[in-house]
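J.: Kindly return the folded structure for what I paste below:
(one chain, ligands or ions: 1)
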Amino acid sequence: MPKKVLIVEDEKAISDIIMFNLKREGYEVMQALTGTDGLNMALNENPDIVLLDIMLPEMDGFEVLEKIREVSEVPVIMVTAREEERDKVLGLETGADDYVTKPFSMVELIARVKANTRRTIAAAKKPETSIKIGDITIDTEVQSVVKNDTALDLTQREYEIMVYFAKNQTKVISREELMEKVWGYDYYGDLRAVDVAMRRLREKIEDDPSEPKLIITKRGVGYYLGK
Ligand code: CA
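T.: Numbers count the residues shown, from 1 in each chain. I've put the predicted structure just below:
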């Protein structure tokens, strides 16, 4: 089954070039030219990944992302025209999985699309199992994370971070390692994506996020599991 990519981009020429390159890589591609259409297609056409421009007519990329995240955990790569830190951080805070800055190379874009859709295949190969971290139980068959009998509402990436920690219970894991193993690439990645993801994850799994007991920071080194 080819993976479906939704491109939300109002500049038709750019969208067409991206579509051409993705199709050549074997992806099925859908295009939306406005924020409103993008949102509708993201929610109704079951894309495997969304490439989301920020400056869009009708509804900007941040608003589209926010509305997608109310109901869907589909991977989203933000496409920003400006090399502005606040755009990147805001995108990640809103729930984007990744971002690229225009102008980007097709090689870079395709690498990111691959990295962010790869997990579906990896997940399909996993044997059924359940892993415990403290009072949290991870079920890798149904991809659920449960704490005190309550299912936690984690994004796919947060789930994968939990699984990675669960499989490496005794070691200290650096941000670089998390970026490489969970995000799936190291060269293009920005380590702040790891910091933001870890903060959001802690807000969901820790009793007191300001004093984490499950995933603990080893300053200057990385993270490790508490006992
Ligand atoms: Ca635009």
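J.: So for the residue in the chain that the ion sits nearest to, what's the pLDDT?
T.: Closest to the ion within the chain is Met55: 4.0 Å, counting by C-beta to the ion. All C-beta atoms are positioned from the backbone trio N, CA, C, and that covers glycine. What the model reports as pLDDT for Met55 is 89.
J.: And Ser210, by the same measure?
T.: 90.
J.: What lies in contact with stretch 65-73?
T.: 39, 42-43, 50, 52, 59, 74, 76, 78, 91, 94-96, 155-156 (C-beta atoms under 8 Å, 6 or more residues apart in numbering).
J.: rewinding a little: would you say the residue of the chain closest to the ion is within a strand?
T.: No - assigned with DSSP: H, G, I helix; E, B strand; the rest coil, Met55 falls outside any strand and is coil.
J.: State the phi and psi torsions of it.
T.: phi -80, psi 100 (degrees, to the nearest 10).
J.: And the furthest pair within the contacts of stretch 65-73?
T.: Using C-beta to C-beta, the contacts of stretch 65-73 span at most 23.9 Å, a distance reached by Met59 and Gln156.
J.: now do the same end-to-end measure for stretch 165-179.
T.: Distance across stretch 165-179, first residue to last, is 13 Å (C-alpha to C-alpha, to the nearest Å).
J.: go on, stretch 5-21?
T.: 12 Å.
J.: Gln31 in helix, strand or coil?
T.: Per three-state DSSP, Gln31 ends up strand.
J.: can you pull the contacts of it?
T.: Counted by C-beta under 8 Å, 6+ apart, Gln31 has contacts 6-7, 9, 15-16, 19.
J.: 6 Å instead?
T.: 7, 15 (C-beta atoms under 6 Å, 6 or more residues apart in numbering).
J.: likewise Ile18?
T.: Shown in contact with Ile18 (C-beta under 6 Å, 6+ apart): Ile7.
J.: Ile77 versus that one, what's the distance?
T.: Distance, Ile18 to Ile77, by C-beta to C-beta, to the nearest Å: 11 Å.
J.: what do you get for Gln169?
T.: As judged by C-beta to C-beta, Gln169 and Ile77 stand 31 Å apart.
J.: Please compute how far whichever strand or helix holds Ala166 lies from its chain's middle.
T.: For Ala166, the element it lies in under DSSP states H and E is helix 156-167. Here helix 156-167 is found 12 Å from its chain centre; the criterion is C-alpha atoms, centre = their mean, to the nearest Å.
J.: Mind listing what's buried along that helix?
T.: By neighbour count on 16 or more other C-beta atoms under 10 Å, the buried set for helix 156-167 is 156-163, 165-166.
J.: tell me the mean pLDDT for that helix?
T.: 89.
J.: what's the answer for stretch 220-227, then?
T.: 86.
J.: Any stretches of this structure with poor pLDDT?
T.: 82-86, 119-128, 185-189, 227 (pLDDT under 70).
J.: Thanks a lot, see you next time.
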